[in-house]
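Engineer: Take this sequence and fold it.
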Amino acid sequence: MAKVTFNEERCKGCELCTAVCPVKIVVMADRINRRGFRPAMVIEMHKCIACAACARICPDVVIEVEK
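Structural biologist: Predicted coordinates:
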């Protein structure tokens with residue numbers, strides 16, 4: 001099973017990762033990080049196909065995808 005982790009404190013909430021996820025499981029959290037942004041997170045991790053599109057597009061390199 002794939003596992004996606006985010007360094008939520010470094011996320012600036014640009015939402016690029018949400019736009020490129022082919023299975024639409026990357027969403028913005030309801031909480032605010034220390035920098036004042038809503039960080040990205042994964043819902044329904046079991047649906048992740050480990051394509052790593054989210055990690056490749058992230059300008060701040062806060063996403064890690066493990067297969």
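Engineer: May I have the distance across stretch 44-60, first residue to last?
Structural biologist: With CA to CA, to the nearest Å as the measure, stretch 44-60 spans 23 Å from end to end.
Engineer: Same question for stretch 26-34.
Structural biologist: With CA to CA, one end of stretch 26-34 sits 20 Å from the other.
Engineer: This protein: strands as residue ranges?
Structural biologist: In the chain, the segments counted as strands under DSSP state E are 3-6, 26-28, 40-42, 63-66.
Engineer: now, of those, which is deepest in the fold?
Structural biologist: strand 40-42 (a mean of 22; mean count of other CB atoms under 10 Å). Placement of C-beta: from N, CA and C, glycine included.
Engineer: And stretch 32-47, end to end?
Structural biologist: Stretch 32-47: ends 25 Å apart by CA to CA.
Engineer: How about stretch 33-43?
Structural biologist: Length of stretch 33-43, first residue to last, CA to CA: 18 Å.
Engineer: And for stretch 54-67?
Structural biologist: 14 Å.
Engineer: any idea of the mean pLDDT in that stretch?
Structural biologist: Across stretch 54-67, the average pLDDT comes to 96.
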